[in-house]
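>>> below is the structure, and that's it, no one-letter string:
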């Protein structure tokens, strides 16, 4: 369709096409029979409209336009049909044709605001800009008090690219309507598109001040502007300006806190919240506190959780805040590793991971953490939050403070009294683990039996089998242990982490001797000591295991190195690494030890150049190592992109 395309020709082609369609339908009764009941009740015009939409989706634009125009000239008051045609005829080259159609329609409905505003868009497209502006002004002057007119006109202006004119219309509209905050959101979007961050942020904040429910949406719009250099200072200045005006501006303060959080200005974020009266916005404060927690800004998150627990009038919200407050202290208990190791020994495997936490000497607030959890039990007895607090207390007693007896009592109390079955199951499983730390396999078996019976679980439930496997490791019953591992492989889905954990343990046992192999039995004894948190004794036992790489000896050595690193005994760990590399040149664990040795040079000894040969050997000699891509990236960072 070119400039010669006129409405009359369109109508003729549309009528001809319509005739063909109906003849085809009449000649094919099966087509009509195939329609659903709801479709058969549609009017002929509605069916043609659906047909036009289908043609448009298929890319058959001319046919779709013809059908739409045929319908439009039959019903010229249906302006939606015009806008469908307009969408199918974009670009300046089609504007002249659309203008002819539009003028015909406006004769039938001269008061249609959208169509009248659209006429200005087409004139602007055709470089008849003064005429377009006059059309828009005339339309606004006819209905000065109608906000919809301003919106319709500015939308048409923006589609035409007349952004400056749109800003002027909305600004003048404020004066005519006597509302200084009118059209703030529309103006903000226009200014943002023009990269005028001062005006955009000012208008967004004006709109937010009047519409508190849009806190998250406006905050996200402002955060998008922060991607541009220098935008933060400009936007923050807009915050300060509006905060100096009369009023509470509670939502504005919360929006500023969200931006400061995004910019990782955590303490300033908290100060912004605490320096204002946000008592009526606890839900939003909670959201900001949770976001701080997600950023691992534990101290800042704790300040807000403490504020909520002190000021909230909602008892449940107070309890939730106290629970989160205690969790921030718990997170700060953990010692922070000086680097992220790329090596490990069955990392994350629930049967082989040392179940112990090491308290940071910088923030040894274990006692305070336990007191916070304990206060929650007193505040909200027998609630979900109280049992969660009890669980955290028992976990810390078991894995951090070494108070195993109290941990056992805690898990038993949760299992006996909690209402939720998932809470009881979690407590029951940890009760079994706690008895194993205590060294009492009989009590562990009794507890597992109680969990199975009282929660009405099948003995072949993967979680029950997993707990049974842990007990069998302590009992040293290798044949039964292998049998349960086979049961687990059948009971658990291959996509579940527990399935992979079981297969790793099975491979370790199957690849290292017969059940009566004394070396293998010694290794299992060391694993029992690890589960009892007797790591030093386990290391001594593991280092007594001797043999070739075909035995359990190399795994025992790697396990000992892992435990030495866990205990931060670097010198002893390095000694065992060097011994391993001399003794086991063909071990499948060699790559892991090479990585560990390189990391000791790079991060502990601060001799990164000495680490390079170890990383290189991994890449060259052990291409199947699972972490090879990470090792390659680390090596590249040491010697440059040419590696």
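Yep, that arrived. It should be emphasised that the depicted structure is a prediction, and the values quoted were computed from it without experimental measurement.
>>> what about the residue nearest the centre of the chain, distance to residue 300?
Nearest to the geometric centre of the chain sits residue 294, at 10.0 Å (Cα atoms, centre = their mean). Using Cβ to Cβ, to the nearest Å, residue 294 is found at 12 Å from residue 300. Just so you know, the C-beta spots here come from the backbone N, C-alpha and C atoms, and that holds for glycine as well.
>>> could you do residue 401 as well?
Using Cβ to Cβ, residue 401 is found at 26 Å from residue 300.
>>> more crowded one of these two?
More crowded of residue 401 and residue 300, by other Cβ atoms under 10 Å: residue 300, with 24 against 16.
>>> give me the distance between that one and residue 281.
Distance, residue 300 to residue 281, by Cβ to Cβ: 18 Å.
>>> what do you get for residue 227?
27 Å.
>>> neighbour count for those two, which is higher?
Legend: neighbour count by other Cβ under 10 Å for residue 227 and residue 281, higher for residue 281 (19 against 7).
>>> from memory the more buried one sits against residue 252, does it?
No - with contact defined as Cβ atoms under 8 Å, residue 281 does not reach residue 252; the gap is 11.3 Å.
>>> in the helix or strand where residue 572 lies, what's buried?
Using DSSP states H and E, residue 572 maps to helix 570-583. Neighbour-count burial for helix 570-583 flags 572, 573, 574, 576, 577, 580, 581 (criterion: 16 or more other Cβ atoms under 10 Å).
>>> what pLDDT is listed against the third one?
When you say that, I think you mean residue 574. At residue 574 the predicted local confidence, pLDDT, stands at 98.
>>> now swap in the fifth one and tell me
Taken from the predicted model, the pLDDT recorded for residue 577 is 98.
>>> show me how far the helix or strand harbouring residue 257 is from its chain's centre.
If you go by DSSP H and E, residue 257 is part of helix 250-262. Offset of helix 250-262 from its chain centre (Cα atoms, centre = their mean, to the nearest Å): 21 Å.
>>> what's the first helix or strand after it?
Counting by DSSP H and E, the next helix or strand C-terminal to helix 250-262 is helix 266-274.
>>> show residues contacting stretch 552-563.
With contacts defined as Cβ atoms under 8 Å, 6 or more residues apart in numbering, stretch 552-563 is touched by 344-345, 354, 508, 512-513, 517, 519-520, 522-523, 526, 530, 535, 538-539, 542-543, 545-547, 573, 576-577, 579-580, 583-584, 587-589, 592-593, 596.
>>> contacting residues for the nearest residue to residue 284 once chain neighbours are set aside?
Spatial nearest neighbour of residue 284, excluding adjacent residues (Cβ to Cβ, 6 or more residues apart in numbering): residue 254 at 5.1 Å. Shown in contact with residue 254 (Cβ under 8 Å, 6+ apart): 215, 273, 278, 281, 284, 285, 288.
>>> swap in 7 Å and give it another go.
Residue 254 makes contact with 215, 278, 281, 284 under the criterion Cβ atoms under 7 Å, 6 or more residues apart in numbering.
>>> so which strand or helix has the last one?
With secondary structure defined by DSSP H and E, residue 284 is part of helix 282-294.
>>> which positions in that helix come out as buried?
Using 16+ other Cβ under 10 Å as the test for burial, helix 282-294 gives 282, 284, 285, 286, 287, 288, 289, 291, 292, 293.
>>> which strands and helices lie in contact with that helix?
Packing partners of helix 282-294 (3 or more Cβ pairs under 7 Å, 6 or more residues apart in numbering; DSSP states H and E): helix 250-262, helix 266-274, helix 298-311, helix 315-333.
>>> now do it, average pLDDT.
94.
>>> how far off centre is that helix?
Distance of helix 282-294 from the chain centroid (Cα atoms, centre = their mean) equals 15 Å.
>>> could you check the angle it makes with helix 266-274?
Put simply, helix 282-294 runs at 170 degrees to helix 266-274, going by axes from the mean of the first three to the mean of the last three Cα atoms, to 10 degrees.
>>> cheers, nothing more for now.
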